[in-house]
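In: Sequence and predicted structure, then a few things I'm wondering about:
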Amino acid sequence: MLGTNATVVRRTLAGLRDAGLLASTKGHGGGWVLSRPLTEISLLDLYSALGSPELFAIAPDEGQPTCLLAKAANTATNDALHAARQVFRERLAALTVAEIVRA
C-alpha cells in the first residue's frame, strides 16, 4: 500500500516508537498506537524522530581555503543556512499533527 519495502516501514515506526511518539504491542491484535494525542505531537517531534534530514544540498566551497572571497562566501552561506534551519524548526515546533489533519 505504501509502495516501499516493509523493512523501511518497520524501521521508521521503530524510530517513532523510540522517540516516544508510538507504542507497539506484539501478538494477536497487536500493532501500533499513538503514545500521545495528536494535539501534543509537533511536526518538529516527527522531524527529529526521523533523524532531522538535511534540508539543503548546499555546502561551503572548501576548494580555496586561502581565498578571502571564498571565506566570506562560505561564512555568508553558513549563516543563511543556519538561519533557515532555525526558522524551519520554529515553524515545525509551532504546528501539531492535529492541526494539519484538520486542514
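Out: Right, received. Where do you want to start?

In: Could you pull out the strands in this protein for me?
Out: 22-25, 31-34 (DSSP state E).

In: Indicate which one of those is closest to residue 101.
Out: Proximity to residue 101, assessed across these by Cβ to Cβ, is greatest for strand 31-34 (11.8 Å). Quick note: C-beta positions are derived from backbone N, CA and C, even for glycine.

In: Chain neighbours aside, what residue packs nearest to residue 25?
Out: Closest residue to residue 25 apart from its sequence neighbours, by Cβ to Cβ, 6 or more residues apart in numbering: residue 31 at 6.6 Å.

In: Is it correct that the one you found is in contact with residue 23?
Out: No - in this structure residue 31 lies outside contact range of residue 23 using Cβ atoms under 8 Å: 9.7 Å.

In: Enumerate the positions of the helix of greatest length in the chain that are buried.
Out: Looking across the chain with DSSP state H, the single longest helix is helix 68-93. The neighbour-count check on helix 68-93 (16 or more other Cβ atoms under 10 Å) flags 74, 81, 89 as buried.

In: out of these, which one sits closest to residue 15?
Out: Out of the buried residues of helix 68-93, the member with the shortest distance to residue 15 (by Cβ to Cβ) is residue 89, at 18.2 Å.

In: if I look at the residue lying closest to the closest one once chain neighbours are set aside, how far off is residue 11?
Out: Here the nearest residue to residue 89 in space, its sequence neighbours aside, is residue 44; by Cβ to Cβ, 6+ apart that works out to 5.9 Å. Distance, residue 44 to residue 11, by Cβ to Cβ, to the nearest Å: 21 Å.

In: between these two, who's got more neighbours?
Out: residue 44 (18 against 11; other Cβ atoms under 10 Å).

In: still on that earlier bit, and the strands of the chain, which is most packed in?
Out: Mean neighbour count (mean count of other Cβ atoms under 10 Å) peaks for strand 22-25 among the strands of the chain, with a mean of 14.

In: Just the CA atoms of that strand, as CSV, please.
Out: Below are the C-alpha coordinates for strand 22-25, written out as CSV (Å, rounded to 0.1, in the frame of the first residue of the first chain):
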residue,chain,number,x,y,z
LEU,A,22,4.2,5.5,19.1
ALA,A,23,3.8,2.3,21.2
SER,A,24,3.7,-1.2,19.9
THR,A,25,2.2,-4.4,21.2
